[in-house]
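Chemist: Any chance you can model this:
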Amino acid sequence: MSCFLGFAAHADVRLEKVLHSANYWQVTYREWSDGSQQCVAENIQGGQVEFDLVVEVNSISFGLFIGEDATEDEKNYFSFQVDDEAAWISETPFFDNGWLILEMFDVSDNVFSEVERQFRKGINFKHLDTSGVVINSYSLIGSNAAIIALIECEETFLATATKSSISDPKEMLMGRPNSSFELGYENNNDQILMREFVQKGETVQDWSQMITIQSIIGYRPETLESFAALFKEGVIGQCSTTPDQHIIRSGIQFGYDFFELAIHCDVYLKTGLPEWMIMKAIQGDDALYLVQKAWKYEPKGGEVEGWFEELGLFFVCGKNNDYAMCS
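Modeler: Alright, predicted model coming up:
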């Protein structure tokens with residue numbers, strides 16, 4: 001996403017109404033003397049607007065303030081990263097009055113949805129240079145509430161205009177691996193979203209612990225227990241013997257059914273090593289969400305207890321809890 005304040009593109013501000021102000025975010029509706037209208041979500045830190053998201057008629061842009069003294073190389077390269085997600089890169093931004101701007105209106109729905117997901121859930125926004133080194137880092141805390149306010153602004157003031165691609169409040173899996181893990185692999189398509197995290201210093205080819213997070217879009221098994229049986233069937237062919245499987249607990253968390261499952265494979269045929277796994281499955285309205293951690297050794301009691309605590313931080317934000325858990 002990218003946005004700009006557009007001081008050069010518009011004349012004077014005729015009307016300005018602050019609609020939301022919390023954490024590092026302010027959402028404002030603006031009318032300009034040339035008749036144009038904007039809904040703007042600004043990230044403000046230290047009294048400075050660092051970056052913003054602007055919705056206008058037939059436009060949604062994301063802008064980052066880099067200063068009027070930026071070099072030509074800085075003006076022609078826009079790369080950013082949200083938390084430990086894969087970096088986004090554009091070599092076709094435009095520059096206006098110190099702002100590096102990326103137009104998002106015409107990107108594919110999949111790309112826009114993924115950027116929006118990362119912004120809604122993210123904790124830190126990082127501006128990167130051409131080598132991937134962090135230039136500046138800013139807090140995203142409160143971003144989901146700001147995007148919801150931006151949508152409300154658009155629906156209220158730009159209702160007669162062509163809508164942007166920003167979606168209504170959407171169901172999301174909340175939670176993230178702890179800071180000792182980093183993203184090792186990601187694969188997203190229309191049926192499944194998958195990310196694999198490994199401990200820092202390890203890879204997805206050579207790991208001792210791995211956390212896998214999956215969203216199976218549109219999938220709803222008859223019951224979560226029936227899914228557990230299907231999951232075990234899929235694991236059987238990968239183990240030297242029939243794996244041990246136990247449902248540890250089940251219930252309802254913030255309006256959504258879940259269960260936690262432990263499974264042990266004496267010898268995982270692909271590696272020749274034992275493998276233990278503890279997984280949480282949550283049935284959402286839009287997807288079945290899976291969060292699992294695997295060990296290539298028998299985890300000690302403290303490791304198991306720690307993972308169960310972490311699993312409690314993974315939950316679904318959606319209509320069953322009025323999206324109140326999304327912030």
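Chemist: roughly how far apart are N187 and T212?
Modeler: As for N187, its distance to T212 is 11 Å (criterion: C-beta to C-beta, to the nearest Å). The way it works is simple: take the backbone N, C-alpha and C, and place the C-beta from them, glycine included.
Chemist: With neighbour numbers in mind, choose between the two.
Modeler: T212 (19 against 10; other C-beta atoms under 10 Å).
Chemist: Check for me that the more buried one belongs to a strand.
Modeler: Yes. With DSSP: H, G, I helix; E, B strand; the rest coil as the criterion, T212 is part of a strand.
Chemist: now the helices for the stretch 201-327 of the chain?
Modeler: Counting by DSSP state H, counting those that start in this stretch, the stretch 201-327 of the chain has helices at residues 224-236, 301-311.
Chemist: Could you point out which of those sits nearest V198?
Modeler: Nearest to V198, of all those, is helix 301-311, at 14.9 Å by C-beta to C-beta.
Chemist: I'd like to know which elements the closest one is packed against.
Modeler: strand 273-283, strand 287-295 (3 or more C-beta pairs under 8 Å, 6 or more residues apart in numbering; DSSP states H and E).
Chemist: Distance from the chain centre to the longest one, please.
Modeler: In other words, strand 273-283. 22 Å (C-alpha atoms, centre = their mean, to the nearest Å).
Chemist: Kindly provide the whole-number mean pLDDT of it.
Modeler: Computed over strand 273-283, the mean pLDDT rounds to 93.
Chemist: And it, what's buried?
Modeler: Neighbour-count burial for strand 273-283 flags P274, E275, W276, M277, I278, M279, K280, A281, I282, Q283 (criterion: 16 or more other C-beta atoms under 10 Å).
Chemist: Could you name every residue contacting both of N187 and T212?
Modeler: M194 (C-beta atoms under 8 Å, 6 or more residues apart in numbering).
Chemist: From the chain's centroid, how far away is the strand ranked longest in the chain?
Modeler: Longest strand in the chain, counting residues (DSSP state E): strand 256-268. Mean-position distance between strand 256-268 and its chain equals 25 Å (C-alpha atoms, centre = their mean).
Chemist: picking up where we left off before, for T203, which of the helices of the stretch 201-327 of the chain is the nearest?
Modeler: The nearest among those, by C-beta to C-beta, is helix 301-311 at 20.6 Å.
Chemist: what angle do that closest one and strand 273-283 make?
Modeler: Helix 301-311 and strand 273-283 are oriented at 20 degrees to each other (axes from the mean of the first three to the mean of the last three C-alpha atoms, to 10 degrees).
Chemist: Mind listing residues that contact helix 301-311?
Modeler: By C-beta under 8 Å, 6+ apart, helix 301-311 touches G175, P177, N178, I248, E260, I278, K280, V291, K293, W295, P299.
Chemist: Now with 7 Å, please.
Modeler: Helix 301-311 is contacted from outside by N178, E260, I278, K280, V291, K293, using C-beta atoms under 7 Å, 6 or more residues apart in numbering.
Chemist: Now do the buried residues in that helix.
Modeler: Buried residues in helix 301-311 (16+ other C-beta under 10 Å): E303, V304, W307, F308, E310, L311.
Chemist: same question, stretch 126-146
Modeler: For stretch 126-146, by 16+ other C-beta under 10 Å, it's K126, H127, L128, Y138, S139, L140, I141, G142, S143, N144, A145, A146.
Chemist: how many neighbours does V57 have?
Modeler: Neighbours around V57, by other C-beta under 10 Å: 13.
Chemist: what do you get for the one 5 residues further on?
Modeler: F62: 25 surrounding residues under other C-beta under 10 Å.
Chemist: bridging residues for it?
Modeler: L53, L102 (DSSP bridges).
Chemist: Next, work out how far apart it and E305 are.
Modeler: 41 Å.
Chemist: picking up where we left off before, now intersect the buried residues of stretch 126-146 with the helices, please.
Modeler: S143, N144, A145, A146 (DSSP state H).
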